[in-house]
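>>> Here is the input, now give the coordinates:
(chains A and B)
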Amino acid sequence: MLPGAPESGDPSARPAETPPPPSRRRAIEDGFCAGLVMVLIGAGLLAVLRRFAAKLPVVGNLVLSGSLNWPEPLSQHLVLWVALFGACAAAADRRHIAIDALSYVLSERKRRYVGVLTNLTAVAVGVVFAWLSVGFVAAEFKNNPDELTFFGLHACWLTLVLPVGFSLLAVYGMASSVADIRALFRPPPAPATPPPATPAQQKDTPTA
Amino acid sequence: MMVLIPIAMLAICMAGVPLFAVMATSSLLSYWRAGITFQSVMIEFYGLGSLPLLQTLPLFTFAGCLLAHSRAPERLLRLSNSILGWIPGGLCFVTVAACALLTAFTGASGITIFALGGLLLPAMVASRYNERFGVGLITASGCLGLLFPPSLPAILYGVVSGVSIDLLFRAGLLPGILTLLALAGYAAVGAYRQGVPAQAFSLRELRDALWVARYELPLPVLVIGGIYTGVFAISEAAVVGAAYALLAEMLLNRDVRPRQFAAVARESVVLSGGILIILGMTMALTNYLVTEDVPGQIFVLAEKYMSGRVAFLLTLNVFLLVVGSVLEIYAATVLVMPLLLPIAAQFNVHPIHLGVIFLTNLAIGYIMPPVGLNLFISAMRFNKPVLHVARASIPFAIVLLIVLAVITFVPWLSLVFVPQ
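Just a heads-up that it's a prediction; the model follows:
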C-alpha cells in the first residue's frame, strides 16, 4: 500500500459518490449520449467479430461474415452524430473548446457582455450551417435517390443528421444567450439581512 | 481583405468564441473570397465521417472517462508502488509510470493530476520527499504518455496529417520510454540527495495489489499489446478497449453504477464531439489554404530567415512550446498541423518524426511557465500558488527540454521502427 494512504484497505471497497438526479432535459440528453456510445461499441464489436469470423469454421463464417456488411458504414455515420450531438451537449454545458484570453483582463460585467456576443456568434454559425445543410440534403435526395447503405436504408436519409444537428446547436446556443442576457439585467442580489439581535446583544447596544 | 480576415478571426478567437465557430467563419469567409460556393464547406464537413479511424476518438475517450470515474487510478497506483516502490527513489518511478499510463488512456493530462495527485503527494510527503519536489514531479509527470497508445492527441495528429497512426505509435515508443526514464531518473537522483529511504519489497502486497487490480490488468494488454503485436487494428483496439472498460468498471468492479453510466457517456460525447466539430469545420479551411498555397508562401518567408534544417527545427520547437502552453492540445493540432506539415516536408523532416516532435513539444508546453495548463491544474489540486508550482516544475521542465532536443536532433530514435 502507498505510504500515507488511508488504512481502509481495498480502495474499491469504498462506495462511489452518487450524483444528484439530473433534470428531465438533461436525463434525456444523457440517455441519448449513452445510446450513441452503446451503438458505437456494438457496431464496432460486430465488425471485430466479422474479421475474426474468417478464422472460424464454416458455420461461424456463414453466420458472422456473410450478412454483416453494415457495422463499418454505421460507425462512420455515427462519427457525424457524435460530432453534432456532442457539440450540442457541449453548448448546453458551456464546455466548447475556446481560447478565451480576453476574460482574464475584463471585469465580471464586461465578461458577461462579451459572453453574450460570443454565444450569438456560435448561434449565427449554427443557423448558417443549418441552412447550408438543408441545401446539401436536398441535393443528396435529388442526385443520389437510390443509393442504399445498411439495412436497405437510403443514404440520403442519413444526411438529415446535418440540419437537425446544426439547428439544435443554434437552439442550445440561443438558450445560453438568453440566459446570459437575463443575468445581465437581473438586479444584483440584496445584501443578506443580519439575524435579529439576541436579548444580550440588545442589552449591550447603547441607547440614545 | 487578405490581412483583415485573419486579424478579425484572431480577435473573435481571443474573445472566447468557440473554436468551431471561429473555424466555420474563417472557412466561409475564405470560400466567399475565393468565389467558391458555400455548399463546398458542407461537403467537406460531411466528409468527416469517411476519415479513417476517426471513430476511435469517441471510443477511446469513453474508455478514458470511464476509468477516470472509477477507482482504477487508485488500484493502478497501488500496483505500480508494489512493483517499483522498493527501488531507491521508487516512488518517483511509480509517479512517472502511473501518470504516463493514465494520460495515455485519458488523453488530457489535467485528468491525471486530478485523479492521481491527491494520492501521490501525500504518499511522497509521508515517504519524506520534499513537498515542493513532489508537486513539481507530479505536475511534470501529468504531461507524459501522449506518445503511447491509445493517446488521443496522437490519433488526432494521424487523422489531420494523414500519416499511419500505427506507425506513429511505433515511432513514439523509444522517445516515450526515453522521456519517462529521464524524468524518473532525475527524480530518483533528487530522492537520493534528499535521503529518502527505499521501501521494503513485499510479495504479499504485490499479490494483494495484483488481485485488487485483476479486472483492469487485461485492459493495457488488450489495447497496447493488441496494437503493438498487430493482433488488433487501432479501430478494433478502440472497440475492444471501450467494451472491456465497460465490462470491468460496471459489471466486475461495479465502480460505475448504471445511473452514473449515462453521465460518463455524456462526458465522453461532449469531449469527443467538441473536438470532432472543430475538425470538421477546419477541413474546408485546410483545403482552401492548400489550394491557395499558403504553406508554400510561409516556406518562402521562412527560408529567408532560416539557414537550414537545424534552424528550422529550433524555431519549430520554440514555436510549438509557446503554442503548447497557450493552446489546448486538440485545438493546437487542428490549427497548426495543416500549415506546418508542408513546410516541414520542404525542410526534409519526416512527417512521423514531426509528429513525435509535435506531441513532445505540446506535452512540455503543458508545464511551461507562465501559462502552461498543468501549472494551474496542480495549483488548484494542491491548493498552492501558481508561482510555487511553476518554480517546483522548472527543474523537471529543463530535463524534458533536454530530452526534446535529443528527440528533435536524433531522428533515428523516432524512425527506427518505421519502414522506410
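
>>> these two touch, right, residue B:268 and residue B:61?
Yes: at 4.5 Å, residue B:268 counts as touching residue B:61 under the criterion of C-beta atoms under 8 Å. Quick note: C-beta positions are derived from backbone N, CA and C, even for glycine.

>>> Would you mind identifying the next helix or strand past the longest helix belonging to chain A?
Criterion DSSP state H: the longest helix present in chain A is helix A:108-143. Where DSSP states H and E defines the elements, the next helix or strand beyond helix A:108-143 is helix A:155-158.

>>> I'd like to know if that following helix reaches chain B anywhere along the stretch.
No: Helix A:155-158 stays clear of chain B (C-beta under 8 Å from any C-beta of the partner chain), getting no nearer than 9.0 Å.

>>> Any chance you could list what contacts that helix?
A:77, A:137, A:140, A:141, A:144, A:145, A:147, A:148, A:149 (C-beta atoms under 8 Å, 6 or more residues apart in numbering or on different chains).

>>> pLDDT wise, what is the closest residue to the fourth one other than its chain neighbours at?
Sequence neighbours aside, residue A:156 is the residue nearest to residue A:141 in space, at 4.7 Å (criterion: C-beta to C-beta, 6 or more residues apart in numbering or on different chains). pLDDT for residue A:156: 79.

>>> cool, and residue A:109?
In this prediction residue A:109 is given a pLDDT of 81.

>>> Relative to chain B, how far out is it?
15 Å (C-beta to the nearest C-beta, to the nearest Å).

>>> Compute the number of surrounding residues for the spatially closest residue to that residue that is not a sequence neighbour.
The shortest distance from residue A:109 to any non-neighbouring residue, by C-beta to C-beta, 6+ apart, is to residue A:184 (7.8 Å). Counted with other C-beta atoms under 10 Å in any protein chain shown, residues neighbouring residue A:184 total 12.

>>> what's the spacing between residue A:184 and residue A:102?
Residue A:184 sits 17 Å away from residue A:102, going by C-beta to C-beta, to the nearest Å.

>>> next one: residue B:315
Using C-beta to C-beta, we find residue B:315 at a distance of 28 Å from residue A:102.

>>> Between these two, which has more neighbouring residues?
Between residue B:315 and residue A:102, counting by other C-beta under 10 Å, residue A:102 is the more crowded of the two (17 against 13).

>>> Can you get me a residue count around the residue of chain A found nearest chain B?
Closest to chain B within chain A is residue A:86: 1.2 Å, counting by C-beta to the nearest C-beta. Applying other C-beta under 10 Å, we find 27 residues neighbouring residue A:86.

>>> Make sure residue B:341 is actually in contact with residue B:353.
No: between residue B:341 and residue B:353 there is no contact under C-beta under 8 Å: 11.8 Å.

>>> The helix or strand residue B:64 falls within and chain A, are they touching?
Element membership of residue B:64, judged by DSSP H and E, is helix B:56-69. Yes: residues of helix B:56-69 are located near chain A by C-beta under 8 Å from any C-beta, namely B:57, B:58, B:59, B:62, B:69.

>>> Return the list of helices and strands in contact with that helix.
helix A:24-53, helix A:71-93, helix B:90-106, helix B:109-126, helix B:152-161, helix B:234-246, helix B:258-291 (3 or more C-beta pairs under 8 Å, 6 or more residues apart in numbering or on different chains; DSSP states H and E).

>>> Following element in sequence after it, please.
That would be, after helix B:56-69 and using DSSP H and E, helix B:72-84.

>>> Give me the contacts around that following helix.
If you take C-beta under 8 Å, 6+ apart as the criterion, helix B:72-84 is touched by A:1-2, A:5, A:11-12, B:67, B:90-91, B:93-94, B:97-98, B:101-102, B:115-116, B:119-120, B:123, B:199, B:202, B:205-206, B:208-210, B:212-213, B:216, B:248-249, B:253, B:255.

>>> One more: stretch B:284-298?
B:23, B:26-27, B:30-31, B:34, B:36, B:40-41, B:44-45, B:338-343.

>>> near chain A, which of the residues you listed show up?
Of the contacts of stretch B:284-298, the ones that also sit near chain A (C-beta under 8 Å from any C-beta) are B:41, B:45.

>>> re the thing from before, just give me how far the longest helix of chain A sits from the chain centre.
Relative to its chain's centre, helix A:108-143 lies at 17 Å (C-alpha atoms, centre = their mean, to the nearest Å).

>>> got the buried residues for it?
Neighbour counts over helix A:108-143 (16 or more other C-beta atoms under 10 Å in any protein chain shown) mark A:114-116, A:118-123, A:125-134, A:136-137, A:140 as buried.

>>> What of stretch A:172-191?
A:172, A:173, A:174, A:176, A:177, A:180, A:181.

>>> cool, and stretch B:249-260?
Residues B:249, B:250, B:253, B:255, B:256, B:260 are the ones in stretch B:249-260 that count as buried (16+ other C-beta under 10 Å).

>>> Quick check: the two most widely separated of those?
Largest separation among the buried residues of stretch B:249-260 by C-beta to C-beta: B:253 and B:260, giving 12.7 Å.

>>> burial count for the residue in the stretch 51-200 of chain B that chain A sits nearest to?
The stretch 51-200 of chain B approaches chain A most closely through residue B:126 (3.1 Å), counting by C-beta to the nearest C-beta. By other C-beta under 10 Å, 13 other residues sit near residue B:126.

>>> same thing with residue B:51?
18.

>>> What is the neighbour count of the nearest residue to it once chain neighbours are set aside?
Spatial nearest neighbour of residue B:51, chain neighbours left out: residue B:159 (5.7 Å); criterion: C-beta to C-beta, 6+ apart. Neighbour count for residue B:159, taken as other C-beta under 10 Å: 22.

>>> Please render the residues of helix B:56-69 next to chain A as a markdown table that adds neighbour count and distance to residue A:71 to the earlier fields.
Listed next are the residues of helix B:56-69 next to chain A as a markdown table, based on neighbours: other C-beta atoms under 10 Å in any protein chain shown; distance: C-beta to C-beta, whole Å:
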| residue | neighbour count | distance to residue A:71 |
| --- | --- | --- |
| B:57 | 28 | 17 |
| B:58 | 32 | 15 |
| B:59 | 27 | 13 |
| B:62 | 30 | 17 |
| B:69 | 19 | 27 |
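
>>> Name the nearest of these relative to residue B:278.
Proximity of those to residue B:278 (C-beta to C-beta) peaks at residue B:57, which lies at 11.8 Å.

>>> Next up, the contacts around that closest one.
Each residue near residue B:57 by C-beta under 8 Å, 6+ apart is listed here: A:79, B:152, B:155, B:156, B:159, B:272, B:275, B:276.

>>> May I have the residues that are in contact with the residue nearest to the spatial centre of chain A?
Central residue of chain A (C-alpha atoms, centre = their mean): residue A:89, 2.2 Å from the mean position. By C-beta under 8 Å, 6+ apart, the contact list for residue A:89 reads A:29, A:33, B:266, B:269, B:270, B:273.
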